[in-house]
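>>> let me see the structure of the following:
(one chain, ligands or ions: 1)
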Amino acid sequence: MIRLFDEHKIRHIQLLDGAWKFAVDPEGIGESDGWQNGIPSGETVTVPSVWNTMWGLLEYEGAAFYEREFYTKGGTLRFVFGAVMTEATVWLDGELLGSHYGGFCQFELIKRGVTEGTHRLTVKVSNSFDEKSIPQRVVDWYHCGGITRSVSVETLCGISVLSNRLEYTLNEDMTKAEARFAIELYNADETEITDIVKTTVCDVETETKVTLSQGECKEFFTKSFVISNFELWSPESPALYDIEISTSTDDLKDRCGFRKISVEDCKIRLNGKDIRLIGVNRHEDHPDFGFAFPHSLMLRDVDIAFDLGCNTLRGSHYPNDPYFVDILDECGMLFWSEIPIWGGGFSESALSDPVVIKRGGDMHREMVKHYYNHPSIIIWGMHNEILTETEAGYNMSREYYSLLKEIGGNRIVTYATNKALKDISYEFCDVVSINQYNGWYGEDIESWAKFVDDVHKRLDSLGFSNKPIIMSEFGGAAVYGHRNFETFKWSEEYQSRLLSHCLKLFLSDEKIAGTYIWQMCDTRTSEEAGITRARGYNNKGILNEYRNPKASYFAVKEIYKSYQ
Ligand code: ADA
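Below is the predicted model:
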């Protein structure tokens with residue numbers, strides 16, 4: 001995968017980005033007509049991309065086939081897909097390799113015994129929806145389709161290192177880390193192999209003898225070890241350390257940082273010090289690229305966030321490109337990562353559906369697996385605006401909370417509720433995160449103070465007054481360039497007034513430990529949500545979709561900078 005560093009020195013990697021053959025399959029006949037054996041006709045597209053930016057396909061929902069040839073010296077090949085929106089089925093030379101559900105996380109498929117020569121890789125991509133889809137059809141962003149992140153093919157030899165997690169606990173004064181690696185290994189050869197797995201982090205080395213039978217995949221733990229020669233990772237000083245893992249035939253490089261995130265007495269603490277999260281919600285979306293967001297523009301978004309005075313971003317509403325999270329690790333920007341369970345569309349019966357619950361669980365597991373070592377991720381978000389006032393929402397929250405507490409490492413687990421005054425699931429979050437839109441939907445701007453007061457009273461009455469509160473969404477829309485002397489809705493002035501009012505109120509409240517404005521940039525929205533949205537966009541960005549600032553940007557900047 002494309003990271004800010006090379007993941008391998010030994011393993012042979014071939015990037016399959018670039019030109020692919022492409023054909024839409026609106027009637028869904030591709031598979032039965034054997035397109036996996038060769039797309040009958042089609043055009044050339046660039047991968048990664050979304051088809052919605054192609055001529056005539058802006059609103060296309062359904063299936064499409066992608067195909068390309070590549071040369072290999074053969075052996076055991078691992079195909080790595082950074083992200084495919086939403087469902088992928090993959091064939092090699094017409095033979096089914098496997099499939100994957102879920103649009104925002106990496107997945108891999110392995111094929112053994114591939115011969116030397118030129119081979120054909122075919123991917124059927126579908127962005128259709130039904131009642132068990134995550135997300136559901138109704139969302140407030142745009143359902144793009146396509147191969148949205150890089151594709152590569154890797155040659156695995158002998159015992160290969162597929163993934164790793166550096167699990168650690170810091171001692172009281174945070175000068176020592178008691179650590180161990182969990183390493184996913186795979187035997188790519190045709191015989192049983194015994195090998196030594198070596199790891200290095202902060203000059204501490206381990207060696208573990210492992211034996212795997214042919215084709216076996218297994219998670220191993222190294223012995224525990226103590227690291228003492230490190231500096232803590234923090235926004236002011238984002239110290240990162242290389243991880244090196246190798247066997248006699250394969251290797252994996254990664255990075256980590258050491259930090260402690262905790263919650264106490266209505267405060268969020270980073271490395272033992274109170275921290276206020278000052279941030280915005282960001283969709284990884286751009287009108288010209290959709291979810292295939294270019295790496296060069298990621299850096300610009302981070303620069304904008306720093307200019308605004310943020311120390312955190314919320315990756316609303318799905319796991320972001322690992323390249324982006326690498327940038328955040330390097331520059332010390334804190335991150336909230338979540339999966340796309342976006343409430344609007346989920347009925348009670350969908351929330352209780354075993355297929356939906358399993359899909360959500362798998363998405364959480366994938367997110368944790370691929371992002372575990374990123375120190376910038378301090379929050380896992382379980383879901384957004386589901387029916388947490390019902391038993392179905394309660395049960396889902398209980399299940400995902402215990403899962404993330406078990407596997408997610410040292411992180412805050414939360415969910416964003418828009419039912420603050422009737423939510424019954426607060427026991428399943430470390431921090432209460434509230435989405436509320438007074439001043440935009442319904443209540444007027446002046447009603448905010450009473451709302452915040454009511455939230456405190458409710459948390460007190462439930463016995464959760466010790467939990468910090470994050471205002472995870474608030475804001476209002478402004479159409480870029482719509483300026484006026486009066487401050488009425490949809491004008492830049494009104495948005496400025498609303499956000500300034502909210503921020504002053506929230507930032508003067510000791511129990512509110514974080515603010516994430518909805519939202520950083522305007523984003524194109526789904527047809528269903530678009531009916532109520534000017535231009536078919538969610539215009540609550542403080543920048544427009546091309547990253548040009550609205551008046552509120554400068555108002556927010558002044559307030560945020562004063563809290564640095
Ligand atoms: C919700 C949701 C956002 C966006 C927002 C809005 O809180 O989580 O994705 O739709 O409302 O603009 O109404």
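>>> what about the helices in this structure?
295-308, 322-331, 348-352, 354-371, 391-407, 448-462, 492-507, 527-530, 551-562 (DSSP state H).
>>> weakest of these by average pLDDT?
Note on these: helix 527-530 shows the lowest mean pLDDT, a mean of 70.
>>> what about that helix, near the ligand?
No - interface with the ligand: helix 527-530 contributes nothing (C-beta under 6 Å from any ligand atom), its closest point being 6.9 Å away. Any C-beta I mention is one placed from the backbone N, CA and C, and that applies to glycine too.
>>> and for stretch 420-437?
Yes - applying C-beta under 6 Å from any ligand atom, one finds stretch 420-437 touching the ligand at Asn435.
>>> from start to finish, how long is that stretch in a straight line?
12 Å (C-alpha to C-alpha, to the nearest Å).
>>> quick one, which of the helices of the chain is nearest to Pro287?
Counting by C-beta to C-beta, Pro287 lies closest to helix 295-308 out of these; the figure is 11.5 Å.
>>> flag every buried residue along the closest one.
Met298, Asp301, Val302, Ile304, Ala305, Leu308 (16 or more other C-beta atoms under 10 Å).
>>> wait, doesn't the last one sit right on Tyr553?
Think Leu308. Yes - the criterion here is C-beta atoms under 8 Å, and Leu308 meets it with Tyr553 at 6.8 Å.
>>> joint contacts of these two?
Common neighbours of Leu308 and Tyr553 (criterion: C-beta atoms under 8 Å, 6 or more residues apart in numbering): Ile542.
>>> what residues does the protein have near the ligand?
So the chain meets the ligand at Asp140, Asn384, Glu385, Asn418, Asn435, Glu473, Trp518, Asn538, Lys540 (C-beta under 6 Å from any ligand atom).
>>> now could you export just the CA positions of the helix or strand of the chain with the lowest mean pLDDT as CSV?
Ranking every helix and strand in the chain by mean pLDDT, DSSP states H and E puts helix 527-530 at the bottom, with a mean of 70. Extracted in CSV, the C-alpha atoms of helix 527-530 (Å, rounded to 0.1, in the frame of the first residue of the first chain):
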residue,chain,number,x,y,z
GLU,A,527,-30.0,12.3,-4.1
GLU,A,528,-32.4,11.6,-1.1
ALA,A,529,-30.7,14.1,1.2
GLY,A,530,-30.0,16.5,-1.6
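>>> can you list the domains in this structure?
12-156, 159-249, 262-520+552-562 (automatic domain parsing).
>>> in CSV, list those along with distance to Ala534.
Listed next are the domains of the chain as CSV, based on distance: least, C-beta to C-beta, whole Å:
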stretch, distance to Ala534
domain 12-156, 13
domain 159-249, 36
domain 262-520+552-562, 6
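>>> just so I know, which of the ones you listed lies nearest Leu4?
Nearest of those (C-beta to C-beta): domain 262-520+552-562, 4.0 Å.
>>> kindly check the end-to-end length of that closest one for me.
25 Å.
>>> likewise for stretch 14-29?
31 Å.
>>> sorry, back to before: nearest to Glu486, of the residues of the chain next to the ligand?
Checking the residues of the chain next to the ligand one by one against Glu486 (C-beta to C-beta), the nearest turns out to be Lys540, at 19.7 Å.
>>> that closest one touches Val479, doesn't it?
No - judged on C-beta under 8 Å, Lys540 makes no contact with Val479 at a distance of 10.7 Å.
>>> pick out the residue of the stretch 101-250 of the chain closest to the ligand.
Asp140 (3.1 Å; C-beta to the nearest ligand atom).
>>> which of Lys540 and Val479 has more neighbours?
Lys540 (27 against 17; other C-beta atoms under 10 Å).
>>> still on that earlier bit, in JSON lines: the buried residues of helix 295-308, plus distance to Tyr241.
JSON lines is the format used below for the buried residues of helix 295-308 (distance: C-beta to C-beta, whole Å):
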{"residue": "Met298", "distance to Tyr241": "23"}
{"residue": "Asp301", "distance to Tyr241": "26"}
{"residue": "Val302", "distance to Tyr241": "21"}
{"residue": "Ile304", "distance to Tyr241": "28"}
{"residue": "Ala305", "distance to Tyr241": "24"}
{"residue": "Leu308", "distance to Tyr241": "29"}
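>>> sorry, back to before: which among the residues of the chain next to the ligand gets closest to the ligand?
Among these, and counting by C-beta to the nearest ligand atom, the member closest to the ligand is Asp140, at 3.1 Å.
>>> check the gap between Asn271 and the ligand for me.
30 Å (C-beta to the nearest ligand atom, to the nearest Å).
>>> quick one: pLDDT of the residue nearest to that residue when sequence neighbours are not counted?
Excluding its sequence neighbours, the residue lying closest to Asn271 (C-beta to C-beta, 6 or more residues apart in numbering) is Leu232, at 5.1 Å. In this model, Leu232 is scored at 98, pLDDT.
>>> beta partners for Leu232?
Phe258 (DSSP bridges).
>>> was I right to think it contacts Phe258?
Yes - in this structure Leu232 lies within contact range of Phe258 using C-beta under 8 Å: 5.8 Å.
>>> anything in contact with each of these two?
Going by C-beta under 8 Å, 6+ apart, residues that sit against Leu232 and also against Phe258 are Met174, Ala239.
>>> which of the two has more neighbours?
Taking other C-beta under 10 Å, Leu232 and Phe258 do not tie; Phe258 has more neighbours (25 against 20).
>>> how close does the residue of the chain most remote from its centre sit to Trp440?
Within the chain, the residue lying farthest from the chain centre (C-alpha atoms, centre = their mean) is Phe485, at 39.9 Å. Phe485 is 21 Å from Trp440, where distance means C-beta to C-beta, to the nearest Å.
>>> go on, Gly361?
In terms of C-beta to C-beta, Gly361 sits 34 Å off from Trp440.
>>> likewise Asp460?
27 Å.
>>> with neighbour numbers in mind, choose between these two.
It is Trp440, of Asp460 and Trp440, that has more neighbours when counted by other C-beta under 10 Å, with 19 against 11.
>>> neighbours of the closest residue to Ser349 other than its chain neighbours, how many?
Leaving aside its sequence neighbours, Ser349 sits nearest to Ala392 (C-beta to C-beta, 6+ apart; 7.5 Å). Counted with other C-beta under 10 Å, the neighbours of Ala392 add up to 20.
>>> I'd say Ala392 and Glu348 touch.
Yes - under the criterion of C-beta under 8 Å, Ala392 makes contact with Glu348 at 4.3 Å.
>>> residues touching the nearest residue to the residue farthest from the centre of the chain once chain neighbours are set aside, list them.
Using C-beta to C-beta, 6+ apart and skipping residues adjacent in sequence, the residue nearest Phe485 is Glu493, 7.9 Å away. Contacts for Glu493 (C-beta under 8 Å, 6+ apart) come out as Arg483, Asn484, Phe485, Glu486, Thr487, Ala551.
>>> report how many residues lie close to the residue nearest to Gly360 when sequence neighbours are not counted.
Nearest residue to Gly360, sequence neighbours excluded (C-beta to C-beta, 6+ apart): Ile341, at 5.5 Å. The local packing of Ile341 (other C-beta under 10 Å) involves 28 other residues.
>>> and the pLDDT at Ile341?
97.
>>> please report the distance of it from Gly361.
From Ile341 to Gly361 the distance is 11 Å (C-beta to C-beta).
>>> and what of Ser508?
39 Å.
>>> then Ser397?
Counting by C-beta to C-beta - Ser397 and Gly361 are separated by 13 Å.
>>> contacts only, for the residue at minimal distance from the centre of the chain.
Central residue of the chain (C-alpha atoms, centre = their mean): Pro319, 1.1 Å from the mean position. With contact set as C-beta under 8 Å, 6+ apart, Pro319 has these partners: Phe104, Cys105, Ser337, Glu338, Ile339, Glu366, Met367, His370, Tyr371.
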